[in-house]
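*Asks:* Dropping the sequence and predicted coords here.
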Amino acid sequence: MKKAKIYKPSKTAMQSGTKKFDKWIIEFITDQPGINPLMGWESSTDTYTELNLEFSSKELAVEYAKKNDIDFELIEPKQRKIIKKSYSDNFIK
């Protein structure tokens, strides 16, 4: 049985906008990664690890995983805590 994780990617520290982070992704996980004897890189014969599927909502991703008998782990996104500050707060404290 295939294993996967369903998550919504988070932005990096170098990005300020959230435009490209509204999709949910199914990323397949391999059980048996091996070491390539020629180059020494980690490799696998499982080609599902190279596949990332994008969905517009969490429900569609979960429905796809259940329909195709994919054992999945759902990772909920953490909410950003926005603290509103004004420019004058820099000089008061």
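*Replies:* Looks like it came in fine. Owing to the predicted nature of the structure, the values given are computational and were not obtained by experimental measurement.

*Asks:* lowest-confidence helix or strand of this protein?
*Replies:* strand 42-43 (a mean of 78; mean pLDDT, DSSP states H and E).

*Asks:* Show me what that strand is packed against.
*Replies:* strand 34-35 (3 or more CB pairs under 8 Å, 6 or more residues apart in numbering; DSSP states H and E). All C-beta atoms are positioned from the backbone trio N, CA, C, and that covers glycine.

*Asks:* Please name every helix or strand in contact with the strand it packs on.
*Replies:* strand 42-43.

*Asks:* Sheet partners, orientation included, of the strand it packs on?
*Replies:* strand 34-35 (antiparallel) (DSSP bridges).

*Asks:* Check the model's average confidence along the partner strand for me.
*Replies:* Throughout strand 34-35, pLDDT has a mean value of 82.

*Asks:* same thing with stretch 85-93?
*Replies:* pLDDT averaged over stretch 85-93 gives 83.

*Asks:* Please apply the same query to stretch 68-79.
*Replies:* 91.

*Asks:* Mind listing what's buried along it?
*Replies:* Of the residues in stretch 68-79, Ile70, Phe72 count as buried by neighbour count, 16 or more other CB atoms under 10 Å.
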